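*Asks:* Provided below are the primary sequence and the corresponding predicted coordinates.
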Amino acid sequence: MPPKRNRLRELLASYVLPHKRLVGSLATLLFSSIGLQILNPQIMRGFIDAARSETSLDLVLRAGFLFLAIAVGQQVLAIGARYLSERLAWTATNALREDLALHCLRLDMAFHNKRTPGEMIERVDGDVGHLANFFSQFTVRIVGNLFLLAGVLGVLFYEDWRLGAALAVYAFLTVFGLAMMRNTAVPAWEEAREASAGLFGFLEEHLSGTEDIRANGGQEHSMNLLYDHAGRRLRTERVAGLRNVRLWGLTGGLHVLGHIIGLGGGYLLYQSGQMTVGTVFMVIWYTDILFRPLEQITRELEDFQRASASITRVDHLRQELSTIDVVEGAPFAPTDRGDQPQVQGSIAKGVPLGVDLDQVSFGYDPEDLILKQVDLHIEPNRVVGLLGRTGSGKTTISRLLFRLYDVQEGRIRIGGTDVRDVAPWDLRQRVGIVTQSVQLFRGTVRDNLTFFAKDVPDDHILDVINTMGLSDWFSTMSDGLDTHLASGGGGLSAGEAQLLVFTRVFLKDPGLVILDEASSRLDPATEARIELAVEHLLARRTGIIIAHRLATVQRADDIIILDDGRIAEFGERETLAADPDSRFSGLLKTGLSQVLS
């Protein structure tokens with residue numbers, strides 16, 4: 001992992017420096033404000049001395065109006081700087097969020113299985129949110145405040161070198177002390193961010209399972225776990241906050257010390273006749289101004305401690321690597337294509353695809369194999385029923401074909417091409433899969449069917465909707481394809497949601513379709529429509545059906561029965577059904593549950 005300083009430089013170079021014009025405008029406003037802060041005490045000195053020396057009223061009024069104009073100008077510059085800093089912060093953090101989200105989508109399922117969605121939301125959004133001030137103001141404000149310190153000290157040296165030297169030593173010791181303490185709370189804030197991520201992960205998991213928790217009387221247990229997570233977050237953030245109190249304690253003491261030096265020195269110089277009342281007031285004002293950048297630096301360092309913890313966690317996430325070997329230059333999505341190098345292999349589009357598993361062994365834990373030396377050849381344009389007991393490897397095969405994981409041994413070929421030689425995006429365009437759970441997104445009907453692709457004509461979508469038996473349902477949509485659906489498909493029946501997913505897969509026109517428990521969650525009222533949709537979906541395509549009902553098995557050309565990670569039986573359905581000694585024949589006699597239990 002690169003040193004922390006390199007990580008900071010990399011983040012600034014990647015997400016802030018591309019906005020040079022915005023950064024330049026922000027710096028201009030801040031430095032202009034610094035100039036006015038240094039100028040205004042000079043105006044006030046002239047105003048006070050002019051008033052005491054009975055100078056003409058016109059000169060006094062001019063000094064007063066100039067003072068007010070500069071004060072208003074400072075506020076205008078502050079508002080402009082705030083606007084630009086917020087704009088820079090949101091632009092930079094949104095770019096980082098986008099990159100992190102894309103990076104997480106590129107990681108394999110082994111990574112996602114270890115983390116809850118709530119934890120990932122906290123990592124991608126929460127941690128990045130803590131970097132907003134770092135991106136927008138940290139460097140500019142630190143540099144700007146150092147310039148303000150230098151300007152104030154320069155004026156004080158000009159007025160009296162002894163007073164300037166005393167306050168310069170004070171400023172140096174203050175900055176040195178704050179710099180020495182800047183990292184004291186970083187480990188505590190890292191632990192606090194971890195606790196926050198754990199709390200969000202717990203909330204996501206238990207809120208999504210509210211129905212099951214209530215049905216099984218788990219409310220009290222869930223509340224106890226919530227108290228544990230919330231308590232850990234409270235304890236860790238309290239420890240981190242108390243460590244920051246050291247900074248504020250030091251800041252308060254230094255503030256008092258600075259005023260003692262400024263007021264005491266000014267009083268002595270006034271008594272000796274070396275300063276006017278206006279100059280003493282100016283010195284006291286400059287002493288107060290001198291403390292503002294020190295206080296601001298303290299606040300920035302406190303924010304930097306929080307940001308450092310988030311930077312470390314963000315960097316850990318960016319350093320995560322997929323266990324899936326990807327061909328160098330292989331794109332993950334259409335937006336990645338650009339001038340990418342040509343990958344080694346490709347899969348034909350629009351034709352049925354053959355499937356070959358050559359001595360494939362795989363386990364989610366390499367020490368505990370799910371599939372063991374599996375050899376399998378599926379001819380193009382054949383529909384295969386895949387049967388087996390729970391844990392025999394049925395769903396695992398579908399995940400390997402979709403390349404959510406890579407095999408530990410052997411190889412998988414689709415259409416004659418090793419899946420490891422194909423860009424993941426292209427592979428997943430050629431293979432369609434209907435998983436055990438239907439996932440619909442908050443968006444329009446069009447977005448859910450095309451997965452937000454913009455190049456699919458509406459006429460084609462409507463034709464597919466009619467083909468898949470959704471025309472009656474679609475006619476009830478008030479805004480047609482622009483009708484918004486709730487996240488998770490709220491308001492849709494199980495059958496309608498399943499048909500939408502079938503339509504989504506049909507629009508991809510894959511050469512291989514995998515139906516994983518496609519009919520296990522459907523209500524009987526829509527069974528006929530589902531059967532018709534499956535028939536259309538599998539027409540002129542290679543199909544693999546992980547079957548749970550005898551009616552589904554009957555549409556298969558071939559049958560594969562898995563047992564303990566190996567192929568126990570493979571052959572044509574009619575041949576196996578006619579063989580009284582085959583497992584499939586026994587299954588037809590005793591019922592499908594015998595092979596799945």
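*Replies:* Great, that's in hand.
*Asks:* Starting from the helix or strand harbouring Lys372, tell me which strands it pairs with and how they run.
*Replies:* Using DSSP states H and E, Lys372 sits within strand 371-378. Here strand 371-378 is paired, per DSSP bridges, with strand 355-362 (antiparallel).
*Asks:* what comes up buried for the strand it pairs with?
*Replies:* Val355, Asp356, Leu357, Asp358, Val360, Ser361, Phe362 (16 or more other CB atoms under 10 Å). Every residue, glycine included, has its C-beta placed from N, CA and C.
*Asks:* cool, and stretch 402-411?
*Replies:* Phe402, Arg403, Leu404, Tyr405, Asp406, Val407, Gly410.
*Asks:* just stretch 78-94 next, same as before
*Replies:* Gly80, Ala81, Leu84, Ser85, Leu88, Ala89, Thr91, Ala92, Thr93.
*Asks:* Residues contacting it, please?
*Replies:* Identification of contacts with stretch 78-94 by CB atoms under 8 Å, 6 or more residues apart in numbering yields 15-16, 19, 22-23, 25-26, 29-30, 33, 128-129, 131-133, 135-137, 140.
*Asks:* Go again with 10 Å.
*Replies:* Outside stretch 78-94, the residues that touch it by CB atoms under 10 Å, 6 or more residues apart in numbering are 11-12, 14-19, 22-33, 125, 128-137, 140-141, 144.
*Asks:* Now the buried members of those residues.
*Replies:* Burial by neighbour count, 16+ other CB under 10 Å: within these this picks out 11-12, 15-16, 19, 22-23, 25-27, 29-33, 128, 130-137, 140-141, 144.
*Asks:* Out of these, list just those in helices.
*Replies:* Using DSSP state H, the subset of the buried ones among the contacts of stretch 78-94 located in helices is 11-12, 15, 22-23, 25-27, 29-33, 128, 132-133, 140-141, 144.
*Asks:* residues in contact with the residue nearest the centre of the chain?
*Replies:* With distances taken as CA atoms, centre = their mean, the residue of the chain nearest its centroid is Val124 (2.7 Å). Counting by CB under 10 Å, 6+ apart, Val124 touches Leu96, Arg97, Glu98, Asp99, Leu100, Ala101, His103, Cys104, Val314, Leu317.
*Asks:* with the residues you listed in mind, which one is nearest to Leu470?
*Replies:* The closest of these to Leu470 turns out to be Ala101 (CB to CB; 30.8 Å).
*Asks:* First-to-last residue distance for stretch 479-495?
*Replies:* Start-to-end span of stretch 479-495 (CA to CA, to the nearest Å) is 21 Å.
*Asks:* how about that stretch: buried residues?
*Replies:* Result for stretch 479-495 [16+ other CB under 10 Å]: buried residues Leu481, Leu485, Gly489, Leu492, Gly495.
*Asks:* Adding secondary structure, write those residues out as a markdown table.
*Replies:* Formatted as a markdown table, those follow (DSSP: H, G, I helix; E, B strand; the rest coil):
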| residue | secondary structure |
| --- | --- |
| Leu481 | helix |
| Leu485 | strand |
| Gly489 | coil |
| Leu492 | coil |
| Gly495 | helix |
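*Asks:* Pick out the lowest-pLDDT one from those residues.
*Replies:* Within the buried residues of stretch 479-495, pLDDT reaches its minimum at Gly489, with 61.
*Asks:* what about the host helix or strand of Leu146, distance to the chain center?
*Replies:* Secondary structure from DSSP H and E places Leu146 in helix 139-159. Taking CA atoms, centre = their mean, to the nearest Å, one finds the center of helix 139-159 at 39 Å from the center of the full chain.
*Asks:* Report the mean per-residue pLDDT for that helix.
*Replies:* For helix 139-159, the mean pLDDT works out to 82.
*Asks:* Tell me if I'm right that Leu449 and Met477 touch.
*Replies:* No: using CB atoms under 10 Å, Leu449 is not in contact with Met477, being 11.9 Å away.
*Asks:* which residues are common contacts for those two?
*Replies:* Leu470.
*Asks:* circling back: the closest residue to the residue nearest to the centre of the chain other than its chain neighbours sits in which helix or strand?
*Replies:* Distance criterion CB to CB, 6 or more residues apart in numbering; nearest residue to Val124, sequence neighbours excluded, is Leu100 at 4.8 Å. In this assignment (DSSP H and E), Leu100 forms part of helix 57-106.
*Asks:* repeat for Gly410
*Replies:* Using DSSP H and E, Gly410 sits in strand 409-414.
*Asks:* Next one: His130 relative to Glu295, how far apart?
*Replies:* Distance, His130 to Glu295, by CB to CB, to the nearest Å: 21 Å.
*Asks:* give me the number of residues near the nearest residue to Phe506 once chain neighbours are set aside?
*Replies:* Leaving out its chain neighbours, the residue that sits closest to Phe506 by CB to CB, 6+ apart is Val464, at 5.3 Å. By the criterion of other CB atoms under 10 Å, Val464 has 19 neighbours.
*Asks:* who touches Val464 in this structure?
*Replies:* Going by CB under 10 Å, 6+ apart, Val464 touches Leu449, Val456, Leu470, Phe502, Thr503, Arg504, Phe506, Leu507, Asp509, His536.
*Asks:* Val314: what's it in contact with?
*Replies:* If you count contacts by CB under 10 Å, 6+ apart, then Val314 has 7, 11, 96, 99-100, 123-124, 127-128, 130-131, 193, 307 around it.
*Asks:* picking that back up, tell me the helices and strands packed up against the helix or strand just after the helix holding Leu146.
*Replies:* Using DSSP H and E, the helix or strand that follows helix 139-159 towards the C-terminus is helix 161-180. Secondary-structure packing of helix 161-180 (3 or more CB pairs under 10 Å, 6 or more residues apart in numbering; DSSP states H and E): helix 139-159, helix 219-271, helix 277-319.
*Asks:* Direction-wise, compare the longest one with helix 277-319 and give the angle.
*Replies:* Which is helix 219-271. Helix 219-271 and helix 277-319 are oriented at 150 degrees to each other (axes from the mean of the first three to the mean of the last three CA atoms, to 10 degrees).
*Asks:* Show me what helix 219-271 is packed against.
*Replies:* Applying 3+ CB pairs under 10 Å, 6+ apart, one finds that helix 219-271 makes contact with helix 139-159, helix 161-180, helix 186-208, helix 210-215, helix 277-319.
*Asks:* Looking at those helices, which is nearest to Gly64?
*Replies:* Among the helices and strands packed on helix 219-271, the nearest to Gly64 by CB to CB is helix 277-319 (13.3 Å).
*Asks:* What mean pLDDT does that closest one get?
*Replies:* Taken as a whole, helix 277-319 has an average pLDDT of 79.
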